Each structure stands twice: as structure tokens, then as C-alpha cells.
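Participant: Would you be able to build a 3D model of this:
(chains A, B, C, D and E, ligands or ions: 4)
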Amino acid sequence: MAHADLTAPETIPEPLQGAVAFVVRWIPLLVLAAGWELVSGWMVPEAVLPGPIAVFAETADLVASGEVFADLFLSVFRVAVGLGASILIGVALGIGMARSEPVENVFDVFLSLLYPIPKTALVPLAILWLGVGTSTAVLIVFLACLLPIVLNSYNAASDVDRNLIWSAQMMGTDGRRLLWKVVFPATIPEIMTGVRQAIPIAFIALVSAELIASNAGIGHLILAAGQIGNYTQMFAAIVVVSATAYAAVRGFEVLESRVMVWA
Amino acid sequence: LGLGLGGGGSSTLGLAFTVPVENLGSLLDIPEIQDQAGNLGDAYQLEVSQNSSTPDSLNQMAAGEVDMALLTTVSYASAVQQEAVPGNISMIATDFWDAHPEHYGFTIYSKGDSDVTEVADLEGKKLGVNSLGTGIHAVYVKRLRQADIDPENDVQFVELPFPSFTSAIKDGRVDAGIYPALFAVQARSEGFNPVFSSQDTWDEEYPFAYMAASNSSLDEKSDAFQAFGEDYRGIVDYAFNNRDEVVSLAAEHFELPESLVDGFFLTEQDYYREDVRIDFERLQAAMDEMANLGFIDESFDVQQFATNEYLPQGSS
Amino acid sequence: MGVSVSRGLDRERLVDFGKSVYSLVIVLVLWELVAQLGLIHYYFLPPLSDVLGTFVELTLSGRMLNAAWLTLQRAFVGLFVACALGVVVGVLSARNRLVSWFFDPIITIGYPVPVISLIPVFMLWFGIGDVSKMVLVAVGCFWPIAINARNATRGVDENLVWSARMMGTSDRRLLWKVILPAAAPGILTGIQIAMPISLIITFVFEMVAGGGGLGALEIQGVRSFESPQVYAAIFAIMLVGYALDRGLRSIRDRLLEWT
Amino acid sequence: MINGRVTVSDLNKVYRSGEEETKAIDDLSFEVEGGEFLTVVGPSGCGKSTLLYLIAGFLDPTSGTIAVDGDPISGPGTDRGVVFQDYALFPWRTVEDNVMYGLEENGADEDERRETAQRFIDMMGLSGHEEKYPKELSGGMKQRVALARTLAYDPKILLMDEPFGALDQPLRESLQDHLLDIWRDIGKTVVFITHDVEEAVYLSERVMVMTNQPGTRKSVYDIDLDRTRSREEVITSDAFAETKNEVWKSLHEETQQDTRL
Amino acid sequence: MINGRVTVSDLNKVYRSGEEETKAIDDLSFEVEGGEFLTVVGPSGCGKSTLLYLIAGFLDPTSGTIAVDGDPISGPGTDRGVVFQDYALFPWRTVEDNVMYGLEENGADEDERRETAQRFIDMMGLSGHEEKYPKELSGGMKQRVALARTLAYDPKILLMDEPFGALDQPLRESLQDHLLDIWRDIGKTVVFITHDVEEAVYLSERVMVMTNQPGTRKSVYDIDLDRTRSREEVITSDAFAETKNEVWKSLHEETQQDTRL
Ligand SMILES: Nc1ncnc2c1ncn2[C@@H]1O[C@H](COP(=O)(O)OP(=O)(O)OP(=O)(O)O)[C@@H](O)[C@H]1O
Ligand SMILES: Nc1ncnc2c1ncn2[C@@H]1O[C@H](COP(=O)(O)OP(=O)(O)OP(=O)(O)O)[C@@H](O)[C@H]1O
Ligand SMILES: [Mg+2]
Ligand SMILES: [Mg+2]
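Facilitator: Ligands and ions are numbered 1, 2, ... in the order given. Below is the predicted model:
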């Protein structure tokens, strides 16, 4: 693809090129922010749309004062537990269902039923069972992330190259060892893909659960700030949760490239 | 993630409230007020949390996450009827009354220059309500019926959070809205018209908000509740005796403008809340009316789901 | 003979079907039993029969259909707008350097934003009516559609483009004759990813801000402690989700018969 | 009409990606007569595909010119048709619609399109498969559709990049014979790339061997075989074996330097 | 040790999928002596791969038996090693770890594993690439790792399914020579499948031609070439050309019936 030219003019000395490319790359975001600043307070009252400067100042304030951390940590904890559980259980289920018919027969029907439900619709049910708080959020994150992970590992484990399995068999691997030595490693790239798809979903599920029913967490902070009309703080909290989600996705991508040097 | 505070040997009581300041129990969230509770820390520990709605609090009770919560007419009635909390719940104190002739009662406001000035004008209008199916919604329903307006078809209810009522009325997203005491301060200062109030709706005052606990918690931690009841009574007395101090503490703790809190709290612009003991007769009447209005399927005997035994005798 | 073969086959199919659903049947029967015997509190788990009864009742009274109609309308309009914008931006940013320069960083930053968190903002900006729900659905669905359209367009086999060129297709016609058809599977995948997102946003918005719809019906069940209504609403949501998923799949199968 | 003479003069092609430069073609000149069948063989990576895409006009030369019947080319044109190794059929079009594509783009009317397409479909032995999509075809059938598609809009010059490389030997042999029949019938200039020496010698009138990367002309062999005879007779003939060995040796000299091992 | 005699008796293989049955192998019997190099050629789809996987024990015969040194086989065993056309290396293991896999699974200790692996890595000319992952290797290198991996755990019998089919001619030729050297050095029974007649004749001591599907033995040719000479001398020799033509004709008779066109 040939869209590199715009970002690295060749007439500029090399050490500068990187910096220029960087600046050029982010200009669109600056343009957007400038537009936002203009609209705020001019076309739309500042109370309704606080400008980016105010929002980022408030964000810095929230972070610097440490005010946001209690909520943020709780939310991150909820995502981590829910996502972690969905990885452990999802991978086991996916591989188990792919390689064993009885396992597939038991679970397939439940996953097919779960599949068409937007998982956040289960929040009220989770409230019935678990009340309002961490367990509900964790359960919803878990359920929302489970399917992409199960589906990816199931498909990958079903499609493991027959020749890889035969290769291992001819060299004396069999039974359960085969799962561990061949099926699992061969499935890792798709498991990673599943997790990568699940991370943004996890944050959507988290914020949904916290908006619908919660007394803490970043979603609750957003709702509470909105309800008392502190819109700058509301926007700041949104910036914080978006940045966290972005960092999670990026962080995972780095981890992925480390783990999967071989793929 | 049980963050048991303190701990010691004494049991911990979890309390959930919904509206700051308006719910007297919310004052217990303020450390300086907690210092005034003599039994707290010895006979029991307290964990106070805020929820965005009373059903959330009930679900927390059902899941065993809290022991007691502040409820209002409809949430209490339907929770009792549906046995939403296993083992059911008991009301252990009143929080405030509505429709008292000398105090604030829920009032419906419209914009100052609006042509909506009385109940009859509400036909075909958009009405702001915090949430359908609540006791506040019941005030609307009762009055509209009295005026021969069908609350289902002749008006359009719009669900909005209370803080956005004033701006919604100002820019015409709704034609009128129902205000609790805390927000009514703002409506008055904007020069809004009162269209009607609960005093016009109800013949007599009735208990509107209550402190209720799950029966299983009451069984397990009866000593702690006894001690809490005593403290609660004491805190209410303390608030009446030290109003100005409590106003500034509450404003600071809940990050509300002090003038706002000062504008209603424990004045005639506030609800009637002098006696926290339960008046069974008026409570029964309120519950019967909820059944009448269709907010619950049928009424029930409040004697079985309310008790004064945790409050000390004598008036406050 | 043919008859006996087909009968044997039918039996086989029946056995397979049995194997694949027996676990569900066991769970449903257990549900009914456990609830009827009162082993689990009614409020947590009303008997299946009560839930189905409530479902039928709500459907007959028209409340369910009305709610489903509201929800679908919001989800659809939003999704439709997102499709139109997302495909245009996605395809253009793969084909045009300027557009790509402008939108790439925005897409990188915008994609991970949990749009759900914007619900309070949209209530503030657009009120709580249908418009705010539709706009938020459009915003939320835009990203996956745009990203998939962009990647699919970038991934179009260069040889196909060259093939068309050598047979005389001009630059302008290339888009219609080659790029769009070749990217169609990826574009549709984006729409398939966006569809559940449109439902999620609609439901959550309805739960948080009301205004009717299946989400409101469900949360109302919680508020009034009518747990059969909660379960019945979830059944309805499941049916809606299933129908939409099937619908999109059959559109895909028909449109992309060639894949 | 003087049809399809290709003249390549002083051709150079350097790929640039980032800071790296790869010289793919180094100062290459040769000519293909109108109606001639020329095969190009060379070690892997020596620039055969690059050369073909330069002639097709998909790539721009770094220096040098390519002319068709004396006119320098500038970009792709309907006078040159490419048959790709991976077929490059439009997967969303049926066999018939694929074959009609070029006619459509060049303004033939509906009836004419259909008729021409049908002629080439029949010629390729594909009748009965008109309504199938590419995914429903075997590799050999796809390759014949690709050939039909390119022949249908009647380019003067056929450029083929290892078109049979992905097929197994029997299929490959039968398509080779098919191609020879067509070439004899409709007389086009063909530039055919392969790395299979037997294929090169069997098919063409001249074989050009290219050097290792950066590729340029190493040697050219005229093939003189009696093509009226059957395949069996041709490939078991001494002349065939001899030419093949010569070409093989020339190529072998280059691939000995192959460093990929 | 009598090593690696393979006896195939009255072998039949029918694939069943749903209602359809495909007869892949029809009543096939033959024997490969210990240490012999046998090549199997046959039209596409005639059952060559099926035969190989049956011998490997991956598939079960519908009827008939396969015995190694007189003992009927039942499933895969470390006495037989397969080299796959698509390499089938474990992509998550480095070159060295791939080569060590079989040793690991058979309980060799760390030092021994490393030493043996290194020996075969050196033998294949792969030293210096021990730490690379398969994706970093060219096709030819991958195929040599696959060969090293299979040789390392020392199976008596090598079964190779078109191992060089995906490689281009120069690479292919150099790996053929490499394989011949190794075979001469370490003396294993080899069953080698290909559809390239030249490859078959160049490599093996005997060539078995199979019929069209369902495959069975059509004819067997003993190859008598002086293998002390260089490739060039061998393939330009008359004896080579003659045998090749014979095998080619026999195969051609079968592929004439090819219906895929
Ligand atoms: N787009 C590109 N950018 C940079 N280098 C390229 C590009 N395409 C090809 N090359 C390099 O140019 C050289 C010639 O490539 P080309 O594909 O023409 O070889 P080839 O003879 O067709 O090889 P093969 O027989 O493997 O098809 C190779 O070294 C290749 O790596
Ligand atoms: N798993 C299977 N199920 C059903 N039929 C199969 C299966 N595998 C192979 N066949 C059929 O069995 C026959 C022999 O297949 P096999 O792969 O052994 O042929 P082959 O000689 O190796 O072909 P090629 O030269 O193309 O590799 C073919 O007709 C094939 O379609
Ligand atoms: Mg090439
Ligand atoms: Mg095969």
C-alpha cells in the first residue's frame, strides 16, 4: 500500500523525518479537538459540551488528585476477573468441545442459546441473582467475553492441521498429551485473536453493567456525574475509561507480538 | 471483594440509601455524624452505600449484600408482595411523610410563563418523572385520575433524572415535572409555577419513605439492629437540635451547594419527618391506595411487615 | 428399499438431535422442578411455566410486540445510518490517501471507546427519546463497519485490479466493478459484527433512560420485582437477536452466493 | 495489421520500499515477433514476473522502454492480456460473466458479448459450466476460464505468468496441448513464463534463459521441433531431449548459485 | 536386524462419508525390501496418499494387512516416519525444538537430544538456523527441517508424500540429491510418492505405477542407473531417458482417462 508518501517527505533530513511523520500523523486529531473547542461555548453552551481543554484539565485533575482511582481500579479489577475467567473457561470449553463429542453435546446447545442474546440484556437477571455490584459486573463481563473466545478456540481446535497431529502421533504422542503438546499450541493464535476481540467487548459489558446497576466503578462515576449535572467530570471520566480500554487493547497487542514470535 | 471495615467481633450492618439529605439515613454516611452515634463501633459496624434506585437496594438486600435500605411506598409494597427478598422484609422506621399540610409535599412545576397552570392543563402534555412505577409516579396517577385524565393515554410520561428536570422544562423537552424537596429549591428560584401538589391529591398525610431491613438480617443480627435503632433515633434528634451544623456538614459531604441544602432541610419546605416511629394506620391507608391505583396487585396487612420494636419508646 | 433407507436416516438424525439437546431438556426440567418445589426462592427463579405464561400474556396484550417494535426500530435506523457512513468512510480511507490520513488516527482512537459510556452524554445532548438512541447506535456501529470496510478494501487482491485494468476498466469504474464486489464479504462481516452492538446499545439505553422497548420492559420487571417478566423479556430479546442474526446470514448467503 | 511485436529496450527496474532498494531487472533488451511464442525461464526471484508486469503496463520501468508494434506503452491496455498463475477470476461473476467482462468494458453489445463468450467457452471445453461460480471449478477449469476471458476480448499479445504452475502434471500436459492448439488457430504473440524446462521447450519457438537476480538475458535458444506430431512422439524424440538438456544446463549454471539452500 | 521390510497384502480402502462411498485402494499387494528406495507414481486421486497414510498407520484399512518386518501394524509407530508435502512442522517450535520433538517423546535425555538434533541439523546444512521459527524459513529449508525431524528419532522406514512437490525446480533438484546422499549413508527403507516421472526415475531403485482410482498396482519398473555419476551425466544418459519414457507411457495411459478436464 502506497500511502506512506504523505507522512514522510523525502526532502527532510532523516532524523527529523520520524518526528515530522509523527506530527503529520496526529494532525487530524488536533483538527478534531480544535473543532470541538470551537463548537463548545459557541454553537453549543459550554455546560452541555465542555471544551477539550476543560475536559483534559479535569481529567488531569481527576487523575492527579487520585479521586478517580478507587473507581478505576474497581472497574479494572472487574474486567480483569471477568475476562480472565472467560479465557480460562472459554479455552477449555472450546478445545474440549472441538475434540470430544460428548463435551460438545452437553455445551453446544447452551452456547447456541447464549449466542443471540446481547449479553447486557442479562444485567437485570444478574441483579436478581447477585445484587448490585462487583459480582454482577464480573458475571456480565465473563459472559460477554466467553463466546468470542470459545468460538475462536473451538474453530481453531477443530481445524488443527491433520498433518500436525499425525506428525506428533508418528513420533509417539497420544491421548491427552496430544491435546497439550499439539492441539493447544496450534490453537494459540486464534485464542489470542479471540481475546483481542473480547477486550473492547469487556469494556462495553463493564460500563453497561455499571450504568444499569452499580454503586461504584467508572461507569457509575459517569452516570453520577451526569445526574448531578457535573458534565466536565462526566466527560473526564469517559476519557479515563476510553484511555484505559485503549491501553488494554494496545497492551495486549504488544503482549501478543511477544508471545507469538513464531506466528 | 468484602471490604469489611473495622471488623472486631461485632456484626456489620450494610445500609443503602438513594437520595442524599432527603433520606435521613444518608446522614449516616457522614463521618462527623457517625461520631454522634454512641453504639456505633461497639455494638455494630456500619457500611453505608448509595444506589441509583430503590429497586437496586432491594436487589442488594435479596443478594445479601446489604441488611437494610431506604425504600418508598411502591418499592416497599411490591417488594413485600413479591417477596423480592427471601424471607421478606420488615419496615423498622419511617423516614419522611408526604402531603402534610404544613410541610412540603411533592409538587408538579411548570415554566413561569407556561399556560400550564392547573391539573386540567396537563392533558396531552409531556410530564417529567424520575422513573415509572414509583411512589412519585403514583402522585401523578392519583391526581390525574381525580381530574378525569387517563394517565395511560392522555399524557406522555418522560423518564428523566431529577437534576435535568429544570433544564428540560426550560427548553421545552417536557411541559411539567414533579420535584422532590431537594430539587424544588431550584424550581422555586427559577420562578416556576406550582401546578398541583400532593396536598391537593391526598386528604391526609401518609408515610412515604421508610427504613426497611431483611428479616433474615433482623434474625441474625437482632442485637446490632437494636443498637442501631437507638443510634438512629439519636441522630435524628441531633439533626433537629443542631440544624445549621448538619446543613453545612451535609452540603460539604455530598458536594451540594450549602444554600440549596439550607433552602429546605428541616424547614417547612422539607417533608414532615419529626417522628420516625411507624404509624400503622396511615401506612395501611397508603398501601391500600397503592393497590387501588394499580401499583400493586392487592394490599396486605402492614402489621406483619413493619415493627417499632427496634426504636426506643417515647417521642423525639 | 428406498423407504427403509430414509427411515434409517431419519432415526439417525433424530438420535443426533436428541444428543445435541438432551442437556438443555434436563436443565429445563430441573428448572421447573426446582422452582415448583420451592428449592430456590421464587423471585430468583420462577418456574419455567410461569415465565412462559407471562411471555404469552405479554405477547397477547400487545406490550411485548410494541416493545419489540420500538427496540427494533431504534436499532435498525441507527445501524442503517452507521452502514451508510461506515462503508463510505472505510472504502474511501482505503482508496484515498487524504481520507486515510485523516481517518486512520481517528479510527485508531475511536474504536476502543466504550460507546456505552456516552449514554449520559447523549441523554444530555439529544434527550431521552428515540433520536438519542438512534444516534448512539449509529456512533457505536460506525467503527466496526468502517474498520472492516477499510481492511476489506485494502485487502482486495491486486491481481483482480490488474485484471480489470488490462481489460480496459477505468479508474472511476474500478470502484464499482471490482473494489466493492471484492470487498463485499469483509464489509458484510463488519455489518454482522455491528448488529449485536446495535442491540446492546439500544437495550442498555432503554434500561438506563427508559422510553419503552424491550430493555425498558425488562428493567421494569426488576423494578417491580416481577421476575417472570424479566425472564420473559430475555426470551423475547433472545428471539429478536436470533431472528436478526439469521436474517443477516441469509442476506449474506444470497448476496455472496459466490463465496 | 502488423500484430503484436514487443520490443524491450534497455529495461531496468528497481523496487524501492522504505530505504531498501532491490534491483529486479538489469539492462534487458529483446524483441518478440508478432505471432511468436516465446518462453522465459530463469531462477526463482530473477525478475520474470516483474518483466511480465512491466510489459503488461502494471508497473513502470525505472528506465528503458517497452514498445508494442513500435509504440511505447504507458500503462495497461487492451492490446495486451495477462493470464495469472492464480487465475485472478472475479469470484462474484459466473464463468460466462467472467468471460464477458472484457467485452463489456469495451462496449460490445449484449448479443455480441454472449456470442463471443460462448465461442471461447466452447473452445475451452467449458460448455455446460457457464452458470458456475469460480469456487465451483477445479484448478484446471479455472485456468481455462482465465484463458478464455483473456482471449475473448482479443488482445494481440498474451502474457502468461506460470499459468500452469499450480496444476499437477497430467492436467498441465493437457492444458499445454490445448494452449498450443489455440495458439496455432488464432495466432497471437505469446510471452510465457515458467520455471519448468520441459514445459518451456515443449511449448515455444524460442526460450530465453534469464540470469540470477538482477535478471537479464543469459541466452536464447531456438526450438526446432516438428509440431505436427503427437506429444508422445515429440517428447521421446532425440531433438527434444537434446534441446532440453541444453536449456537445462544453462539454467542449472544460474541456479547452482542459488543461496536459498 | 532385518530392517524395515514393508509387506502390503490384499489392501482395500473405502472412504465413507455420509451415504457416499469412495473406493480409494483396490486389492493392492506389494513388498518393499529393507533398505530399498521405492517410488510410487500414479494419476491424481488414484490413492497414493491414502496408501502412504495406511502404511503410516494414520488410517485403518477396510480390509487386508500391512506388516513391518512380518508384524502387522496397528496404528502409528515410531518405526515409520512420514515426511509431508506441506512440511507439517510445529510452527511454535524453533528448528532445533522441532528436530528434538521425537526424541523428547521417546524419553531421550536433554544432552542426548541436543546432540542428536545438532547432528541432523548439520547434516541438512541448517546450522546457524537452530533458533529460527518455521515461518522464518524458505520452503526448501522447511522441507529439510521436516526431514531432519523425521530422521532424528530414527524410524526404520521413511514414508514421503510428494515432499518436493511445492518447490521450484532448482530447489527440488538439489533436495533430491541431498536425499539420495543421506539414503546412501544411513540406509533406510524409503517409500516415496510423486507424480513427477523424472523425479521418480532419478531417485529410486524401483518405480511402481498405480492405476486410476481406485488405485492398484499397474506395473513396476526396476531402475538400473549408475548412481556414482553426477546428476547431469545421469539425466542426459540414454538409459535414463529410456526408462523415463517407459514409465511416462505407462502413466500416460492412465491419465488419458483423466476426466477433470
Ligand atoms: N513489490 C516488490 N517490492 C520489492 N521487491 C520486490 C517486489 N516484487 C518483487 N520484488 C523483488 O524483485 C525480485 C524479482 O521478483 P519477481 O517476482 O519478478 O521474480 P520471479 O522471477 O517472478 O520469481 P518466481 O520464480 O519466484 O516467481 C525478487 O528479488 C523480489 O524479491
Ligand atoms: N477423507 C476422505 N474422504 C473421502 N474420500 C477421500 C478422502 N481422502 C481421499 N479421498 C478420495 O480417495 C481417492 C484417493 O485420494 P488420495 O488423496 O489418496 O489420492 P492421491 O493419489 O494422493 O492424489 P493426489 O495425487 O492428488 O495427491 C480420491 O478419489 C479422493 O477423492
Ligand atoms: Mg514470479
Ligand atoms: Mg496425495
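
Participant: all helices for the chain, in order.
Facilitator: Since you didn't name a chain, this refers to chain A. Secondary structure of chain A by DSSP state H: the helices cover A:14-39, A:52-64, A:69-99, A:101-114, A:123-130, A:134-158, A:162-170, A:176-178, A:184-212, A:218-227, A:231-259.

Participant: That was the other one, I meant chain D.
Facilitator: Ranges of helices in chain D, per DSSP H, are D:48-56, D:95-105, D:110-123, D:139-152, D:169-186, D:197-203, D:231-235, D:238-255.

Participant: ok, and does the fourth one reach over to chain E?
Facilitator: What that stands for is helix D:139-152. Yes: Helix D:139-152 is in contact with chain E by Cβ under 8 Å from any Cβ of the partner chain, via D:140-141. Heads up, the C-betas are built off the backbone N, CA and C, glycines and all.

Participant: Just the CA trace of the helix or strand encompassing residue C:108, in CSV.
Facilitator: In this assignment (DSSP states H and E), residue C:108 forms part of helix C:97-110. Extracted C-alpha coordinates of helix C:97-110, given in CSV (Å, rounded to 0.1, in the frame of the first residue of the first chain):
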residue,chain,number,x,y,z
ARG,C,97,-4.6,9.0,0.8
LEU,C,98,-6.1,12.2,2.2
VAL,C,99,-9.1,10.4,3.7
SER,C,100,-6.9,7.7,5.0
TRP,C,101,-4.6,10.3,6.6
PHE,C,102,-7.5,12.0,8.2
PHE,C,103,-9.5,9.0,9.4
ASP,C,104,-6.8,6.4,10.3
PRO,C,105,-5.8,8.0,13.6
ILE,C,106,-9.4,8.9,14.4
ILE,C,107,-10.4,5.3,13.9
THR,C,108,-7.5,4.0,15.9
ILE,C,109,-8.5,6.2,18.8
GLY,C,110,-12.3,6.0,18.4
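
Participant: buried residues in that helix?
Facilitator: C:99-107, C:109-110 (16 or more other Cβ atoms under 10 Å in any protein chain shown).

Participant: Got the domain ranges for the chain?
Facilitator: In the absence of a named chain, this looks at chain A. A:1-39, A:64-262 (automatic domain parsing).

Participant: Wait, chain C was what I had in mind.
Facilitator: If you go by automatic domain parsing, chain C breaks into C:1-40, C:44-255.

Participant: what's the spacing between the closest residue in space to residue C:257 that isn't next to it in sequence and ligand 2?
Facilitator: Nearest residue to residue C:257 in three dimensions, chain neighbours excluded: residue D:133, at 7.1 Å (Cβ to Cβ, 6 or more residues apart in numbering or on different chains). Distance, residue D:133 to ligand 2, using Cβ to the nearest ligand atom, to the nearest Å: 21 Å.

Participant: ditto for residue D:220
Facilitator: Noted for residue D:220: a distance of 35 Å to ligand 2, by Cβ to the nearest ligand atom.

Participant: okay, the residue lying closest to that residue once chain neighbours are set aside: pLDDT?
Facilitator: Of all residues not flanking residue D:220 in the chain, residue D:208 sits nearest, at 5.0 Å (Cβ to Cβ, 6+ apart). Residue D:208 carries a pLDDT value of 96.

Participant: Number of residues surrounding residue D:208?
Facilitator: Per other Cβ atoms under 10 Å in any protein chain shown, the neighbour tally for residue D:208 reads 24.

Participant: what is it paired to in the beta sheet?
Facilitator: Legend: beta-bridge partners of residue D:208 under DSSP bridges are residue D:40, residue D:220.

Participant: Next up, the contacts around it.
Facilitator: D:30, D:38-41, D:217, D:219-220 (Cβ atoms under 8 Å, 6 or more residues apart in numbering or on different chains).

Participant: From the residues you listed, list just the buried residues.
Facilitator: Neighbour counting with 16+ other Cβ under 10 Å marks D:30, D:38-41, D:217 as buried within those.

Participant: Could you dump these into CSV and include pLDDT and distance to residue B:277?
Facilitator: Below are the buried ones among the contacts of residue D:208 laid out as CSV (pLDDT from 0 to 100; distance: Cβ to Cβ, whole Å):
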residue, pLDDT, distance to residue B:277
D:30, 95, 109
D:38, 96, 108
D:39, 96, 106
D:40, 96, 103
D:41, 93, 104
D:217, 93, 109
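
Participant: Mind picking the one among those residues that's closest to ligand 2?
Facilitator: Distance to ligand 2, by Cβ to the nearest ligand atom, is smallest for residue D:41 among the buried ones among the contacts of residue D:208, at 25.1 Å.

Participant: Which residue, other than its chain neighbours, is closest to the closest one?
Facilitator: residue D:200 (5.0 Å).

Participant: give me every residue that touches that neighbour.
Facilitator: D:39, D:41, D:192, D:194, D:207, D:247.

Participant: about what we covered before: restrict the contacts of residue D:208 to those near ligand 1?
Facilitator: Among these, proximity to ligand 1 is found for none (Cβ under 6 Å from any ligand atom).
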